[in-house]
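Novice: Below is the sequence, then the predicted model.
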Amino acid sequence: MKKFLIILVSVFSLGIFAAYAGNDKPITINELPVAAQNFIKTYFPNSKVALAKVEKEMMTTTYDVVMTDGVKLEFNKDGSWTEVDCQYSAVPAGIVPAQIVQKVADLYPNAKIVKIDRDKKEYEIKLDSKVELTFDMKFNLVEVDH
């Protein structure tokens, strides 16, 4: 009986995860949270959206936007950015905190920041030279990956 109960709970759990897995849905730009729409208008006014989608997981909702010029953006459920990937061009001024911009300029004076990720604990920066820098939330450099 105990084995049967464990199997039943396992099958039920897998069913719940399967229901939430791969739950990507294409959306229009107008279906993004207002904060995400404003971010795009502010920092990418001349770019066109190629694809926007919402991804709903069990505990989170994220929005992904791909621009026609290759820029990739990710937003959380509130519309705050969590990732900006410009691939080969610099992340627009104003997105990267000034303390990080200054530290990058001091250490890598000719480098461009082409990607930035942030979460509750840290910022991750990628330079055009492929160097990756990690900063804590107080903007202290905590890791360099060459």
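Specialist: On my side now, so go ahead. Numbers count the residues shown, from 1 in each chain.
Novice: From here on, just use CA atoms for contacts and neighbour counts.
Specialist: Will do.
Novice: Can you pull up the most central residue in this protein?
Specialist: E83 (2.6 Å; CA atoms, centre = their mean).
Novice: which residues does it bridge with?
Specialist: E74, D117 (DSSP bridges).
Novice: In contact with it: list those residues for me.
Specialist: Contacts for E83 were tallied using CA atoms under 8 Å, 6 or more residues apart in numbering; they are K72, L73, E74, F75, K115, I116, D117, R118.
Novice: Could you dump the residues you listed into JSON lines with neighbour count added?
Specialist: Output for the contacts of E83, formatted as JSON lines (neighbours: other CA atoms under 10 Å):
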{"residue": "K72", "neighbour count": "19"}
{"residue": "L73", "neighbour count": "23"}
{"residue": "E74", "neighbour count": "21"}
{"residue": "F75", "neighbour count": "22"}
{"residue": "K115", "neighbour count": "25"}
{"residue": "I116", "neighbour count": "23"}
{"residue": "D117", "neighbour count": "18"}
{"residue": "R118", "neighbour count": "17"}
